[in-house]
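Student: what's the 3D shape of this:
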Amino acid sequence: MPHGAITGHITIGGTALTAGTFTVQMATIKSDESQRDVQFRGRIMDTSAYPTATLTLARPVALAPVPAPGVISTYTVTADLILHEHTRTVTFPLSAERASGEIEVSGSIPVLFADWDIPNPSFTGFVTTQNHGTLEFLLKLARS
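Tutor: Residues are numbered from 1 along each chain as shown. Below you'll find the model as predicted:
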């Protein structure tokens, strides 16, 4: 994604993740197919009306014991996800690893399209999809 497509921060106090929020510029999301991207930005996600998606930590996450650098740890995170101006609380596993002064975090959040009033991406007679998808992310966080 281009620089500035994702903005946000986390706050770690002692051995807990105490706050965090990330905002994604939805029109910057790209796949390996330009036709798919046009549909995503247009009729599916309507990025002109809903330009951003936001994920905000809803409750602290205990990190203790803090893992050594290079060790991948998994935590259960509860956050508020805003898509299409609808907010839903989501709980998902988050993997984190400290390395070279950064923290790399990844996760996936199941999304039932109807919960966010997102149209099903199916094209009658051409492409049939499920009524849900997965929002996946990988972030490299550096101290500011």
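Student: Off-centre distance for stretch 21-41?
Tutor: 13 Å (CA atoms, centre = their mean, to the nearest Å).
Student: Which positions in it come out as buried?
Tutor: The neighbour-count check on stretch 21-41 (16 or more other CB atoms under 10 Å) flags Phe22, Thr23, Val24, Gln25, Met26, Ala27, Gln39, Phe40, Arg41 as buried. C-beta: built from backbone N, CA, C; applies to glycine.
Student: Make CSV out of the residues you listed and add distance to Glu136, secondary structure and pLDDT.
Tutor: Below are the buried residues of stretch 21-41 laid out as CSV (distance: CB to CB, whole Å; DSSP: H, G, I helix; E, B strand; the rest coil; pLDDT from 0 to 100):
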residue, distance to Glu136, secondary structure, pLDDT
Phe22, 13, strand, 96
Thr23, 17, strand, 97
Val24, 12, strand, 96
Gln25, 17, strand, 96
Met26, 15, helix, 94
Ala27, 18, helix, 94
Gln39, 19, helix, 84
Phe40, 14, helix, 85
Arg41, 18, helix, 91
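Student: Check these and tell me the two furthest apart.
Tutor: Within these, Phe22 and Gln39 form the most distant pair, 24.5 Å apart (CB to CB).
Student: Which strands and helices lie in contact with the helix or strand harbouring Thr78?
Tutor: Using DSSP states H and E, the element containing Thr78 is strand 73-83. Helices and strands touching strand 73-83, by 3 or more CB pairs under 8 Å, 6 or more residues apart in numbering; DSSP states H and E, are strand 16-25, strand 52-57, strand 61-62, strand 86-99, strand 102-112.
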